[in-house]
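Engineer: Below is the structure, and that's it, no one-letter string:
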C-alpha cells in the first residue's frame with residue numbers, strides 16, 4: 001500500500017488522515033504543536049482540533065516533518081495557506097523526486113497573490129493536485145455523504161488519486177482546472193464572511209441568497225480573468241463550497257462574519273478562535289487581485305474594508321445596495 005504523508009493536523013488534516021487510514025494506507029501525520037503530538041501518540045485523540053475520533057495505529061504521528069515525508073509517495077498539504085511556503089521550504093530536501101503533492105489548503109498567499117498549488121510547484125517542482133469542495137470535517141469523520149473535486153493536469157494522476165481518496169461516503173470527482181478549483185475554494189471564504197455579517201445584522205434570508213449569488217458572480221469573473229474555466233465555478237469547488245460555507249454553522253468564516261455583524265471586534269473574535277480563519281487573509285489578497293486584473297468585486301471590496309479599514313458593517317451594506325444600477329449579466 002502507498003505511504004501517504006499528511007502535513008497539518010488541524011480538523012481537516014486529521015480527518016483526511018483518518019479517512020485514508022481506514023482504507024489501509026500507511027499514514028504519517030505531521031503535527032505542528034510538539035505538546036499536542038506527544039499527547040496524540042499516547043491518547044490517539046486530537047484533543048485540540050478533532051476530539052470526536054480515536055486515530056488507528058496505522059497513523060504514525062510526529063512533530064518532526066522530515067520523519068513524516070521522507071518515504072512518502074503522496075504528500076497531502078493541509079497547512080493553512082499563509083504558512084505553506086514556510087513549512088515546505090524547510091522540508092524540501094526530504095521530499096522524494098517522484099512524490100506527488102496534493103493540496104487541500106484554501107487561500108491565496110499574501111504578498112505574492114499566488115495560489116497554494118503555485119507556491120508548492122514553485123518550491124518543489126513536483127506534480128501538484130488540488131482537493132477541494134463542500135466538506136465540513138465533522139461531517140466527513142461521521143461518514144456523512146460528501147462530494148469533492150480533485151484537480152490536476154495529468155489524467156493518469158487524476159485517476160490514481162481519485163481511487164486513493166474515494167470511499168463509500170466520500171465521493172471524489174476529477175477535474176483538470178487547478179486554478180479554478182483553488183480560486184473557488186479561496187474566495188468562498190470571503191463571501192462567507194459577508195454572509196455571516198448579513199446574518200449578524202439581521203438582514204434576513206433574501207439578503208443571504210443575494211450575497212451567495214452575486215458572490216459567485218464575483219468569484220467567476222476573477223477566476224476567468226486569471227485564466228480559469230467558467231464552468232468550474234458552477235461545480236463542487238465553486239457553487240457547492242460557497243453554499244455550504246455561507247450557510248453552515250460549522251463554517252469558521254461564516255461564524256466570524258456573524259460576530260462582526262453583531263459588533264464584535266476582529267481581534268477579539270480571532271483571540272477566541274483556535275483554528276485559522278482563512279477568509280481574513282484571503283479578503284486582502286482577493287481585493288488586491290481584483291485591482292490587479294481590473295475585475296469589479298464589490299462584495300469582496302466591502303469585506304476587505306470592514307476587516308482592514310474598520311468600516312461599519314451597516315454602512316458597507318448601504319454602499320452595496322446604493323451602487324449604480326446594472327444588468328445582471330454583463
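Structural biologist: Alright, I've got the coordinates. On a predicted model such as this, the values are computed, not experimentally measured, just so you know. Residues are numbered from 1 along each chain as shown.
Engineer: Now do the contacts for residue 87.
Structural biologist: Applying Cβ atoms under 8 Å, 6 or more residues apart in numbering to residue 87 gives the contacts 7, 65, 79. In short, each C-beta sits where N, CA and C put it, glycine included.
Engineer: Give the next helix or strand downstream of the helix or strand it falls within.
Structural biologist: For residue 87, the enclosing helix or strand under DSSP states H and E is helix 84-91. Using DSSP H and E, the helix or strand that directly follows helix 84-91 along the chain is strand 100-103.
Engineer: residues in contact with that following strand?
Structural biologist: Contact with strand 100-103 is made by 73-77, 84, 95, 116-117, 120, 124, 126-131, 150, 157, 161, 182, as judged by Cβ under 8 Å, 6+ apart.
Engineer: helices and strands around the next helix or strand after that strand, which ones?
Structural biologist: Counting by DSSP H and E, the next helix or strand C-terminal to strand 100-103 is helix 116-124. Applying 3 or more Cβ pairs under 8 Å, 6 or more residues apart in numbering; DSSP states H and E, we find helix 116-124 packed against helix 84-91, strand 100-103, strand 127-132, helix 178-200.
Engineer: Compute the inter-axis angle for helix 116-124 and helix 84-91.
Structural biologist: In terms of direction (axes from the mean of the first three to the mean of the last three Cα atoms, to 10 degrees), helix 116-124 departs from helix 84-91 by 20 degrees.
Engineer: List the contacts of helix 116-124.
Structural biologist: 77, 81, 84-85, 88-89, 92, 95, 101, 103, 105-109, 112, 114, 126, 128-130, 178-179, 182.
Engineer: The closest residue to residue 290 other than its chain neighbours: how many residues sit nearby?
Structural biologist: Nearest residue to residue 290 in three dimensions, chain neighbours excluded: residue 297, at 4.2 Å (Cβ to Cβ, 6 or more residues apart in numbering). Residue 297: 25 surrounding residues under other Cβ atoms under 10 Å.
Engineer: Same check on residue 65?
Structural biologist: Close neighbours of residue 65, defined as other Cβ under 10 Å, add up to 19.
Engineer: what residues are up against it?
Structural biologist: Going by Cβ under 8 Å, 6+ apart, residue 65 touches 7, 30, 87, 90-91, 94.
Engineer: State the phi and psi torsions of it.
Structural biologist: phi -70, psi -30 (degrees, to the nearest 10).
Engineer: Show the low-confidence segments of the protein, by residue range.
Structural biologist: 1 (pLDDT under 70).
Engineer: Do a quick rundown of the strands in it.
Structural biologist: 3-7, 26-30, 59-62, 74-77, 100-103, 127-132, 146-151, 170-175 (DSSP state E).
Engineer: Would you check the distance separating the fifth one from the middle of the chain?
Structural biologist: Read that as strand 100-103. Chain-centre distance of strand 100-103: 14 Å, with Cα atoms, centre = their mean, to the nearest Å.
Engineer: One more: stretch 280-294?
Structural biologist: 16 Å.
Engineer: list the buried ones in it?
Structural biologist: For stretch 280-294, burial by neighbour count (16 or more other Cβ atoms under 10 Å) applies to 280-287, 289-290, 293.
Engineer: One more: stretch 75-87?
Structural biologist: Buried residues in stretch 75-87 (16+ other Cβ under 10 Å): 75-82, 84-85, 87.
Engineer: Tell me who's in contact with the most centrally placed residue in the chain.
Structural biologist: Nearest to the mean C-alpha position of the chain, by Cα atoms, centre = their mean, lies residue 106 at 2.6 Å. With contact taken as Cβ under 8 Å, 6+ apart, residue 106 is in contact with 81, 116, 132, 182, 185-186, 188-189, 278, 282.
Engineer: related to what we said a few turns ago, now list the buried members of the contacts of helix 116-124.
Structural biologist: 77, 81, 84-85, 88, 95, 101, 103, 105-109, 114, 126, 128-130, 178-179, 182.
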